[in-house]
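[1] here are the coordinates; sequence isn't available:
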DNA sequence: ATTAGCACTCGTCTTTAAGGAGTGCTAACA
DNA sequence: TGTTAGCACTCCTTAAAGACGAGTGCTAAT
């Protein structure tokens, strides 16, 4: 069966209505709601067709229809009208020039949650492809060195390294020069074994320290390990009765608290880069099993080259996709702007 | 009316039973439960007295009794038998010598939540009274300086400072020496205005940089600002029907997610140091309004001198106080040990 | 092709009744 | 005087029954 123009209009009306109310939509509602001027009986026939085609379903006989996952999918793919939404607060916030990345991200998550009434998450940008800008070893104690690594984008990583032998200031200076001349401007991937052994050779008896330092750098830069994820508004799910029962709420809250599982979402989003950077997962499409009764909309944001993070909005399947997608587009754009102004 | 020996025994039996089951306790249950060998009628009379005295209450006529806050308080103060509980996993975990403080704390929170089935929080130790061990300014870009401050206990703080004028290496070195000679070994409180102006004078035309640096140090050390709090097991509250309804659950979850409000709990706990370091807040006694239906047990742990943090366990009023207090005592002790072995 | 009409379904809400746990009180007992 | 058995009473919980109504599917008329 074909999806006639009229069927599309009716489906759209059903979904729009359901998004608002969360209640099954009856034929009479649509008959009044749309400008099609059709009687409820006609709508009923069309609805029957739409159900057969799998776009809508009935919770039980004698109830109205609700969209199926397939219906939502069609809606998101073809019928959505993005509502652009400027977040004024965000602008103001960014004007304050938040130097601390983590603060900024927490704020963004919070703001998004407050504006959308859904649960939100944001992953700190991974610095995978980013270049080392500055390395410094300092002695903080007799046998402890502090290794500071700054990568492009002014992300700072620290590590305390314990060393056995003593080091005089001169040697330390030499090591610093050695490390900086060899590693500055490189990304983590570009540091290879040959380079490391060359450095070790030059370091002579202190080669073990070089090894330690490089390990430390690798460990601290390593993306998977400390993929920081900030969340907000998890309790928003209680606004939606279809998610608010104990079983489901508990699972979702747990996912948000553990954060571990959210990394899968980030990975999945970052790996797929066909479209505009916005992805919509409806129900079972989500990579996180515990969210199979939700819809998840994710966006990739980019701060300069190679620094990419993910923003995710998690809500009921009947979320306001138009608003969410619009908001996400705006916000990723604004984050982009922020970075440009900062550098 | 006096609390006779027998009344105490009965009250204890009621509370113990209610802690287990969460259901109002009837007279017949107690009559069988205890070794007092009294008929249910006698128990009823005693219960009536206990209710009049405010230790227990009836949800409605013809229901059993449940402990009142006053009853719980008496239990905690005089009748509790701490169950010592070693956390084997914790020992193992600590053996791995987690260098990263935040990882360790997250792990502890998680472990506690898993072991107790309550929600847990742990605040990172505040470094309030701690001494500055090492300061270093480095140039990372034309007009950007990186200020690294290490305080005792190897807690590292970074700040990027933007400077207008250019600085040559020599000046930077001088500034570093200036800062270190003046500030090393001092706590934040000990840095006073006189000292600052003296340093500014010595810095000459770069006095503004000194000011910036000190601001940065103050900002990064400041305790209230970045009182990191890690939480775990918030979804455990769903295990307890009396907390699991939407209204309450949502509030509690929110408190846990925002974390902001939890700082009050930390402040309160740290400020009061009469007892063993364990505090029990029952119902309305808690400083956090949203937790008035819960009980909160907090403990102060200490890592070396002056580095103190708070561990909190949040559960229903009928929590297993014996177990929780015992566990907290053990864990603070173990953390103490950890620190000793580390240094 | 559209629509009015109507019987039918089925979830929701309300009412009613039965069941039962637990109490308070009274009177008897040691 | 303290303890206990007995009993009426309360009130929550659960189940069953019925009323209600929203919404459907089908049929026949337009």
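    Looks like it arrived, so ask away. What you see is a predicted model; the values in this text were computed from it and never measured.
[2] residues in contact with whatever residue of the stretch 151-300 of chain A ends up closest to DNA strand C?
    Minimum separation of the stretch 151-300 of chain A from DNA strand C (CB to the nearest atom of the strand) falls at residue A:241, amounting to 10.4 Å. Every residue, glycine included, has its C-beta placed from N, CA and C. For residue A:241, the contact set (CB atoms under 8 Å, 6 or more residues apart in numbering or on different chains) comprises residue A:22.
[3] hmm, 10 Å instead?
    Shown here is residue A:241, whose contacts under the criterion CB atoms under 10 Å, 6 or more residues apart in numbering or on different chains are A:22, A:316, B:246.
[4] okay, now the unreliable bits of the stretch 101-250 of chain A?
    Judged against pLDDT under 70, the low-scoring parts of the stretch 101-250 of chain A cover residues A:127-130, A:153, A:188, A:219-226.
[5] now do 80
    Low-confidence segments of the stretch 101-250 of chain A, defined by pLDDT under 80, span residues A:101, A:126-131, A:141-143, A:151-160, A:162-167, A:187-193, A:203-210, A:212-226.
[6] all helices for it, in order.
    Using DSSP state H, counting those that start in this stretch, the helices of the stretch 101-250 of chain A run over A:101-116, A:169-183, A:193-203, A:207-221, A:246-258.
[7] tell me the most packed of the contacts of residue A:241, by neighbour count.
    The most crowded member of those, judged by other CB atoms under 10 Å in any protein chain shown, is residue A:316 (20 neighbours).
[8] how about the nearest residue to residue A:302, chain neighbours excluded?
    residue A:308 (5.1 Å; CB to CB, 6 or more residues apart in numbering or on different chains).
[9] what's around residue A:86, how many residues?
    Neighbours of residue A:86 under the rule other CB under 10 Å: 12.
[10] surely it meets residue A:337?
    No. Using CB atoms under 10 Å as the test, residue A:86 is too far from residue A:337 to be in contact (11.9 Å).
[11] list the helices and strands the helix or strand that contains residue A:322 packs on?
    Take DSSP states H and E as the rule and residue A:322 turns out to sit in helix A:321-342. If you count contacts as 3 or more CB pairs under 10 Å, 6 or more residues apart in numbering or on different chains; DSSP states H and E, helix A:321-342 packs onto helix A:5-21, helix A:88-95, helix A:101-116, strand A:119-123, strand A:278-282, strand A:294-302, strand A:308-316.
[12] show me the contacts for the closest residue to DNA strand C within chain A.
    Going by CB to the nearest atom of the strand, DNA strand C is nearest to residue A:62 of chain A, at 2.7 Å. By CB under 10 Å, 6+ apart, the contact list for residue A:62 reads A:24, A:26.
[13] wasn't residue A:44 part of a helix?
    Yes. With DSSP: H, G, I helix; E, B strand; the rest coil as the criterion, residue A:44 is part of a helix.
[14] quick check: the gap between the residue of the stretch 151-300 of chain A closest to DNA strand C and DNA strand D.
    According to CB to the nearest atom of the strand, to the nearest Å, residue A:241 and DNA strand D sit 17 Å apart.
[15] any idea how far residue B:35 is from that residue?
    Applying CB to CB, to the nearest Å, the value for residue A:241 to residue B:35 is 49 Å.
[16] kindly report the same for residue A:216.
    From residue A:216 to residue B:35 the distance is 63 Å (CB to CB).
[17] quick one on the thing from earlier: can you tell me which of the contacts of residue A:241 lies nearest to residue B:51?
    Proximity of the contacts of residue A:241 to residue B:51 (CB to CB) peaks at residue B:246, which lies at 30.9 Å.
[18] does the closest one touch residue A:249 like I think?
    Yes. Residue B:246 is in contact with residue A:249 according to CB under 10 Å; the separation is 8.1 Å.
[19] what do these two both touch?
    Common neighbours of residue B:246 and residue A:249, counting by CB under 10 Å, 6+ apart, are A:235, A:238.
[20] who's more crowded, residue A:216 and residue B:35?
    Higher neighbour count among residue A:216 and residue B:35: residue A:216, with 20 against 7, using other CB under 10 Å.
[21] I figured that one hits residue A:158, correct?
    Yes. The criterion here is CB under 10 Å, and residue A:216 meets it with residue A:158 at 9.1 Å.
[22] shared neighbours of those two, anything?
    What both residue A:216 and residue A:158 touch, as defined by CB under 10 Å, 6+ apart, is the set A:147, A:149.
[23] what's the burial count for residue A:141?
    Residue A:141: 16 surrounding residues under other CB under 10 Å.
[24] surely it touches residue A:167?
    No. The pair residue A:141 and residue A:167 fails to qualify as a contact (CB under 10 Å) at a distance of 11.5 Å.
[25] residue A:84 looks like it's in a helix, true?
    No. Residue A:84 is assigned coil when assessed by three-state DSSP, not a helix.
[26] how close does the residue nearest to it when sequence neighbours are not counted get to residue A:317?
    Using CB to CB, 6+ apart and skipping the chain neighbours, the partner closest in space to residue A:84 is residue A:326 (4.9 Å). Using CB to CB, we find residue A:326 at a distance of 18 Å from residue A:317.
[27] so which of those two has more stuff around it?
    Taking neighbours as other CB under 10 Å, residue A:326 and residue A:317 compare with residue A:317 leading, 22 against 19.
[28] for the more buried one, which non-adjacent residue is closest in space?
    Of all residues not flanking residue A:317 in the chain, residue A:295 sits nearest, at 4.8 Å (CB to CB, 6+ apart).
[29] contacts only, for the one you found.
    Residues in contact with residue A:295, defined by CB under 10 Å, 6+ apart, are A:69, A:72, A:76, A:118, A:280-283, A:285-286, A:313-319, A:321, A:324.
[30] break chain A into its domains for me.
    Under the assignment automatic domain parsing, the domains of chain A span A:5-79, A:88-126+A:227-342, A:132-221.
[31] pull up the residues of the stretch 1-150 of chain A that are close to chain B.
    A:97, A:99-100, A:102-103, A:106, A:110, A:113, A:119, A:133-136, A:138-141, A:144, A:146, A:148, A:150 (CB under 10 Å from any CB of the partner chain).
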